[in-house]
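3D, please:
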Amino acid sequence: MKKIYLSLAFSLLVSAGFAQTKIGVAGKTNADVNTNAVLELEAENKGLLLPRVALESIKSFAPLKAHVPGMTVYNTAKIADVVPGFYYNDGTKWQQMVTTDYKAVKFFYMPTITFDTSVLTKDQADKREFESKNLYTEYTKQFSMTNPNSVKSLGAPDVIPHYPTATDLHYYVTDFDPAVFSDIKINENGVMTYKVIGTGTPTSIMNIVFVVK
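Residues are numbered from 1 along each chain as shown. Model prediction:
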């Protein structure tokens, strides 16, 4: 028995020394590992099954003991801001791995927000700052379903999954009514400043688009 233990230990040391491993089809004689891979899997009728865990939220590392950059899991829970699917950890939070077609740019329109155009913005000579609107805050406010008029379908999560930080998105105004708004600027955190130069009408518009980085 001692000889078996010594032989096994020697084999493990040799494997660790090479630092590359290939797991392939049983009985396959060619065990060459891709030179760029520390581990290579090869199969004709099997797949790789990642750990299946129940995450608690994007910001919580549970059920793990810490955030680990590069950690990848399949989440089975539908709670808070996570849904079933593949997630990887960026070191501070979980990021959902998109499995949709990348041929289309990931973007979405701003949920409905209101602008008070009843009071015109004074000129800078009057030392009044521009009006401002935090687009990211408006977005998360609606997606968190805190509005008492919010309604969801049976079994749907209590919170609509949304991007956890303002800098996860790019912000655009694709069109606006120049008779009502002017001097529109948006910073990297989604805070938009603008002037109200005219009273809005039923046909006044401002189209706001979010693009995922």
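
switch to C-alpha atoms for all contacts and neighbour counts from now on
Fine.

Phi and psi next, for the nearest residue to Asn134 once chain neighbours are set aside.
Residue nearest to Asn134 in three dimensions, not counting chain neighbours: Val191, with 4.3 Å by CA to CA, 6 or more residues apart in numbering. For Val191, the backbone dihedrals are phi -90, psi 120 (criterion: degrees, to the nearest 10).

Report how many residues lie close to Val191.
16 (other CA atoms under 10 Å).

How about the contacts made by it?
Contact analysis of Val191 by CA atoms under 8 Å, 6 or more residues apart in numbering lists 132-136.

Nearest to Leu48, out of those: which one, please.
Within these, the smallest distance to Leu48 is 37.5 Å, found for Tyr136 (CA to CA).

what's the closest one in contact with, if anything?
Tyr136 makes contact with 166, 189-191, according to CA under 8 Å, 6+ apart.

got JSON lines for these, with distance to Phe115 too?
Putting these into JSON lines (distance: CA to CA, whole Å) gives the following:
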{"residue": "Ala166", "distance to Phe115": "21"}
{"residue": "Asn189", "distance to Phe115": "19"}
{"residue": "Gly190", "distance to Phe115": "16"}
{"residue": "Val191", "distance to Phe115": "14"}
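
Top of those residues by number of neighbours, please.
Gly190 leads these on contacts (other CA under 10 Å) with 22 neighbours.

Touching, that one and Asp168? I think so.
No. If you go by CA atoms under 8 Å, Gly190 and Asp168 don't touch, sitting 10.1 Å apart.

so who does Ala37 touch?
Gln20.

now do Met192
Residues near Met192 by CA under 8 Å, 6+ apart: 132-135, 184-186.

Show the buried residues in these.
With neighbours counted using 16 or more other CA atoms under 10 Å, the contacts of Met192 contain these buried positions: 133, 135, 186.

Would you quantify the distance from the second one to Tyr109?
Between Leu135 and Tyr109 the distance, using CA to CA, to the nearest Å, works out to 11 Å.

now Val83
22 Å.

Strands along this structure, start to end?
Along the chain, counting by DSSP state E, strands occupy 21-23, 39-41, 52-53, 72-75, 85-89, 94-96, 107-109, 131-134, 169-176, 181-186, 191-196, 206-212.

re the thing from before, quick one: which of the contacts of Met192 is nearest to Pro161?
Lowest distance from Pro161 to the contacts of Met192 (CA to CA) belongs to Leu135, with 16.8 Å.
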